[in-house]
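Participant: fold the stuff below for me.
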Amino acid sequence: MTPGPKHRLVIAEDHTILREGLKALLAARPDLEVVGEATDGREAVHCAEELKPDLMMLDLSMPRSNGLEALKEIKRVSPGTRVLVLTVHKTEDYVFTALQAGADGYVLKDSSSSELMMAVRSVLNGERYLAPAIASTVVSGYLGVKEPGAMRPGFDDLSTREREVLKLIAEGYRTKDIAEYLCISPKTVEKHRANLMDRLKLHTVSALTTYAIDKGLVTK
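Facilitator: Below you'll find the model as predicted:
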């Protein structure tokens, strides 16, 4: 019997050792073929546009255009490409942002090879896949948002000044620099940051940065 066509995959990962390990793992499967590799977000988008793979394995933390930006572009230039996020980030903010950007699956880098292959198979079969280690966190976060009075305010609810502070925080400016740029006191900047974290339910600067990128305030 003639074997069926192979599923075509691209690996977008900037660490060479990990990328080569993933390639060897996938290439060992007779129905899978790695047709491209990318070391940053821009290369990932280019591979998606040129190769139109069935599946893109995508790291979220890469140089130049980061994984979240690349994810949106990949879905735009190659809507048929399914995207499996492979990352070290397991916080609720990263997971939700990736899913909202179009991720079809989310698996952690410390997963076993068998779990990784399960994720690949699930996503190729048109299913969503969430690593067991983060599934409970996602469900808890979803249920929390659904509680009365717990809905996270939208971007449109932020004031102009709050958006300015959010943008500058995401661009990596220090409190003192933000205060000087906006002609306000450092204490006022700290208050704005605390208010943003409280209102958006985002508890770290990295989470605020991810949110700002997702809303188009910052291009990384």
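
Participant: any idea how far the closest residue in space to G67 that isn't next to it in sequence is from A27?
Facilitator: Residue nearest to G67 in three dimensions, not counting chain neighbours: L60, with 3.5 Å by Cβ to Cβ, 6 or more residues apart in numbering. Using the backbone N, CA and C atoms, a C-beta is placed for each residue, glycine as well. Going from L60 to A27 by Cβ to Cβ, to the nearest Å gives 24 Å.

Participant: which one's more surrounded, the two?
Facilitator: L60 (23 against 12; other Cβ atoms under 10 Å).

Participant: please enumerate the helices of this protein.
Facilitator: Per DSSP state H, the chain carries helices over the ranges 16-27, 41-51, 67-77, 92-101, 113-124, 132-146, 160-170, 175-182, 186-200, 205-214.

Participant: let's have those helices in a markdown table, adding distance to V10 and mean pLDDT.
Facilitator: As requested, the helices of the chain are exported to a markdown table (distance: least, Cβ to Cβ, whole Å; pLDDT from 0 to 100):
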| stretch | distance to V10 | mean pLDDT |
| --- | --- | --- |
| helix 16-27 | 10 | 94 |
| helix 41-51 | 5 | 95 |
| helix 67-77 | 9 | 90 |
| helix 92-101 | 17 | 81 |
| helix 113-124 | 12 | 94 |
| helix 132-146 | 23 | 62 |
| helix 160-170 | 28 | 88 |
| helix 175-182 | 39 | 90 |
| helix 186-200 | 33 | 89 |
| helix 205-214 | 22 | 81 |
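
Participant: which one of those helices lies nearest to V34?
Facilitator: Counting by Cβ to Cβ, V34 lies closest to helix 16-27 out of these; the figure is 5.0 Å.

Participant: report all helices and strands that the closest one contacts.
Facilitator: Packed against helix 16-27 by the contact rule (3 or more Cβ pairs under 8 Å, 6 or more residues apart in numbering; DSSP states H and E) you find strand 7-12, strand 32-38, helix 113-124.

Participant: tell me what angle it forms with strand 7-12.
Facilitator: With axes from the mean of the first three to the mean of the last three Cα atoms, to 10 degrees defining the directions, helix 16-27 sits at 170 degrees from strand 7-12.

Participant: mind listing what's buried along helix 16-27?
Facilitator: Neighbour counts over helix 16-27 (16 or more other Cβ atoms under 10 Å) mark R19, L22, K23, L26 as buried.

Participant: buried set for stretch 167-183?
Facilitator: Buried residues in stretch 167-183 (16+ other Cβ under 10 Å): L168, I169, A170, Y173, T175, I178, A179.

Participant: please read the previous query as pertaining to stretch 70-88.
Facilitator: 70-75, 78, 81-87.
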